[in-house]
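Colleague: what's the 3D shape of this:
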Amino acid sequence: MRQNIIIGMTRKEFFYSKLYTILSLAVVATIIYAISSVVIGMINTDGFDLELIMDNNMAVIRYFLLCIGYMSFALMLAFLIRRGTLTILFYFLYVMMLEPIFMLIHVYYFKNSSRNYWPMNSIEDLMPFPLFKVPDYFVNKEWNFNILLPYSHAMFMATLYSCLFIFLAYRSFMKRDI
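Modeller: Take a look at the predicted model:
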């Protein structure tokens, strides 16, 4: 980072280069996902009907938002923590341990469905693991909430959180010393 600034890149240019990298990686990953989905759909679908192959509730757009969401969270952590190894460790710690613990505490004390709106959970609900859809078919009388967010809610929350993460990364980067 310092070397890029020293050779003449402005802070905004450096930050935008990171955003362009995120967008480029998300677009490439989404194109690979779309191509593989169409190929697998054509192989496993009787007859060639594009409607049957693509019948998955805007899965390509949701996958793009998922990529942007994960990478914008990582960008925010990278600009806040500023140490590579520590950032990676905290990313995995938060995604795998801290947020699930926070969600369990939330469920225990509040017993409502707002626990689904934590940042990584709402991003994960864009493309959930298929077995996570099974409990939504059963009635849970004790807790009275669904395991997954509806796709429209997950898309809105992922977009909102991605914008928030990018804004926080931008503010942190512009305010701090290099």
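Colleague: residue ranges for the strands of the protein, please.
Modeller: In the chain, no strands are found when defined by DSSP state E.
Colleague: the longest helix in the protein is where?
Modeller: Assignment by DSSP state H gives helix 11-44 as the longest helix of the chain.
Colleague: Give me the buried positions along it.
Modeller: Residues of helix 11-44 classed as buried by neighbour count (16 or more other C-beta atoms under 10 Å): Phe15, Lys18, Leu19, Ile22, Ala26, Ala29, Thr30, Tyr33, Ser37, Gly41. Where C-beta positions appear, they are placed from N, C-alpha and C, glycine not excepted.
Colleague: how about JSON lines for those, with distance to Gln3 and pLDDT added?
Modeller: Listed next are these as JSON lines, based on distance: C-beta to C-beta, whole Å; pLDDT from 0 to 100:
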{"residue": "Phe15", "distance to Gln3": "15", "pLDDT": "93"}
{"residue": "Lys18", "distance to Gln3": "15", "pLDDT": "94"}
{"residue": "Leu19", "distance to Gln3": "19", "pLDDT": "96"}
{"residue": "Ile22", "distance to Gln3": "21", "pLDDT": "97"}
{"residue": "Ala26", "distance to Gln3": "26", "pLDDT": "97"}
{"residue": "Ala29", "distance to Gln3": "28", "pLDDT": "97"}
{"residue": "Thr30", "distance to Gln3": "31", "pLDDT": "96"}
{"residue": "Tyr33", "distance to Gln3": "34", "pLDDT": "93"}
{"residue": "Ser37", "distance to Gln3": "40", "pLDDT": "85"}
{"residue": "Gly41", "distance to Gln3": "46", "pLDDT": "79"}
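Colleague: now those residues as TSV including distance to Arg115?
Modeller: Converted to TSV, those look like this (distance: C-beta to C-beta, whole Å):
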residue	distance to Arg115
Phe15	33
Lys18	31
Leu19	30
Ile22	28
Ala26	27
Ala29	28
Thr30	29
Tyr33	28
Ser37	30
Gly41	34
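Colleague: Can you pick out the most distant pair from those residues?
Modeller: Phe15 and Gly41 (38.4 Å; C-beta to C-beta).
Colleague: All the helices of this protein, in order from the start?
Modeller: 2-6, 11-44, 50-53, 59-81, 84-93, 99-110, 119-124, 151-175.
Colleague: Give me the nearest residue to the residue sitting nearest the centre point of the chain, chain neighbours excluded.
Modeller: Centroid-nearest residue in the chain, with C-alpha atoms, centre = their mean: Gly69, separated by 3.1 Å. Excluding the flanking residues, the one nearest Gly69 by C-beta to C-beta, 6 or more residues apart in numbering is Ile123, at 3.8 Å.
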